[in-house]
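K.L.:
Using only what follows, build the 3D model:
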Amino acid sequence: MVGITNKVLLAEVRRQQQLSQDIVDGQTAISSGKTLTKPSDNALAWVQVSDIGRAQAQQAAWQSNVSTGSTRANTAESNLDEMNTLLTRAQELLTSARNGSMNDTGKAAIIEEMKTIRSTIDSLLNQKDYNGVPAFDDGQSILVPVSRGLNLAVVGTRQEVSEGIDVNGTPMSLDDILAQSITALQTGTDTDVAASLDAIKAGQQHVVLEQTKQGVRSDRLDTIGTRLTDIDLDLTDRRNNLESTDLTKVISSVSAKLLQLNAAQSSFARINQQTLFDLIK
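P.N.:
Modelled structure (predicted):
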C-alpha cells in the first residue's frame with residue numbers, strides 16, 4: 001500500500017514539474033514573442049521555419065547584391081550625365097572659337113577649359129569608390145547574381161563608354177576626340193575646328209546612347225529589388241505565422257496552468273503532512 005502511494009506521489013511530483021516547465025515555456029513565449037523555440041515544440045513547423053530561414057538568407061544575399069549594384073549603377077549614370085554636360089560645353093567652346101573676332105587671350109582661355117574637360121572626363125571614366133570599385137568595369141561587365149539563375153551586368157565597361165565612336169567612318173575614343181579638338185584650336189584652321197566640333201557631337205551622341213543603356217540596367221535593378229522585397233515580406237509573414245506567439249491563447253494557457261499548479265501544490269502539501277498510518281487506512 002505504501003509502495004503504491006509512493007508511486008502516486010512520484011507521478012504527482014512529475015506532473016507538477018511538467019506544469020512548472022509549461023508555465024516557464026509560456027512565459028518565455030510571451031516575453032520573446034516566439035512560441036516555436038525548439039524542434040519538439042512542433043516538428044513540422046520547425047522544418048518549415050528552417051526552410052524559410054534558408055530562403056531568407058539567400059534573399060538577403062541577393063538584396064545586398066542589388067543594393068550594391070544600384071549604387072554602382074547610380075554612380076555610372078551620374079558620371080555619364082556629367083560627361084554629357086561637359087561635351088555640350090565643349091561644343092559651345094568650339095563654336096565660340098570659330099568667331100573670327102576672338103583674340104589670342106580668349107582662344108587661350110578656351111584651350112585651357114578644353115584641357116580641363118578632357119581631364120575631367122578621363123577622371124569620370126576611371127573613377128573608383130572608397131573600396132576601390134570602379135564606376136565602370138574594365139574590358140567586360142561583371143555579372144552579379146540577383147536571383148535564382150539570374151546574373152546582371154549593373155554597369156557598362158569603360159571601353160564601351162569611351163571607345164569605338166564612329167567619326168566619319170573612323171573609330172575614335174573620347175580622349176582622341178578631345179585631344180584632336182585641342183590641337184585644332186592651337187594650330188589648326190577653321191576647317192579643322194569645324195571637323196573637331198563634328199567629332200565632339202558624335203562623341204556626345206555615343207555618350208547619350210550609353211546613358212540610355214545604363215538607364216535600362218538601373219530600371220531592371222529597381223524592378224528586381226522591389227520583387228525581392230515583396231518576397232522577403234511574404235517569407236517574414238509566413239515565418240511569423242509559424243513561430244510567433246498567440247498572446248491571448250498563451251496567456252490563457254499559462255493562467256490556467258498556474259491555477260492547476262497552485263491547487264496541486266496545496267494538495268501535495270496536505271498529503272505530506274499526513275502520517276504513515278493516515279496513508280494506509
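
K.L.:
Excluding chain neighbours, what is closest to Asn168?
P.N.:
Asp198 (7.4 Å; C-beta to C-beta, 6 or more residues apart in numbering). Quick note: C-beta positions are derived from backbone N, CA and C, even for glycine.

K.L.:
Quick one: the strands in the stretch 101-250 of the chain, in order.
P.N.:
143-147, 150-153, 165-167, 170-172 (DSSP state E, counting those that start in this stretch).

K.L.:
Give the residue spans of the chain that score low on pLDDT.
P.N.:
The model of the chain has pLDDT under 70 over residues 1-42, 101, 242-281.

K.L.:
can you give me the helices in it?
P.N.:
Here the chain has its helices, by DSSP state H, at 2-32, 43-97, 104-125, 158-162, 174-187, 190-243, 247-273, 276-279.

K.L.:
Neighbours of the closest residue to Ile231 other than its chain neighbours, how many?
P.N.:
For Ile231, ignoring the flanking residues on the chain, the nearest one in space by C-beta to C-beta, 6+ apart is Gln59 at 6.1 Å. Counted with other C-beta atoms under 10 Å, residues neighbouring Gln59 total 18.

K.L.:
roughly how far apart are Gly215 and Asp81?
P.N.:
10 Å (C-beta to C-beta, to the nearest Å).

K.L.:
so what's Ser173 up against?
P.N.:
The contact partners of Ser173, by C-beta atoms under 8 Å, 6 or more residues apart in numbering, come to Ser162, Glu163, Gly164, Ile165.

K.L.:
quick one: contacts for the first one?
P.N.:
The neighbours of Ser162, taking C-beta under 8 Å, 6+ apart as the test, are Ile121, Leu125, Ser173, Leu174, Asp175.

K.L.:
and what of Asp190?
P.N.:
Applying C-beta under 8 Å, 6+ apart, we find Asp190 in contact with Arg98.

K.L.:
that older thread, give me the buried entries from the contacts of Ser162.
P.N.:
Among the contacts of Ser162, those classed as buried by 16 or more other C-beta atoms under 10 Å are Ile121, Leu125, Ser173, Leu174, Asp175.

K.L.:
Switch the residues you listed over to CSV; also include distance to Leu209.
P.N.:
Formatted as CSV, the buried ones among the contacts of Ser162 follow (distance: C-beta to C-beta, whole Å):
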residue, distance to Leu209
Ile121, 16
Leu125, 16
Ser173, 15
Leu174, 13
Asp175, 18
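
K.L.:
Among the residues you listed, which one lies nearest to Asp222?
P.N.:
Asp222 lies nearest to Leu125 out of the buried ones among the contacts of Ser162, by C-beta to C-beta, at 24.6 Å.

K.L.:
right, and that closest one touches Asp137 too?
P.N.:
No. If you go by C-beta atoms under 8 Å, Leu125 and Asp137 don't touch, sitting 11.5 Å apart.

K.L.:
Same question for stretch 84-94: list its buried residues.
P.N.:
Of the residues in stretch 84-94, Asn84, Leu86, Leu87, Ala90, Gln91, Leu93, Leu94 count as buried by neighbour count, 16+ other C-beta under 10 Å.

K.L.:
again, but for stretch 211-226
P.N.:
Gln211, Lys213, Gln214, Arg217, Ser218, Arg220, Leu221, Ile224, Gly225.

K.L.:
What residues does the first one make contact with?
P.N.:
Read it as Gln211. Contacts of Gln211 by C-beta under 8 Å, 6+ apart are Glu77, Leu80, Asp81, Asn84.

K.L.:
How about the second one?
P.N.:
Lys213 makes contact with Gly156, according to C-beta under 8 Å, 6+ apart.

K.L.:
What's the separation between it and Ile177?
P.N.:
Separation of Lys213 from Ile177 (C-beta to C-beta) stands at 20 Å.
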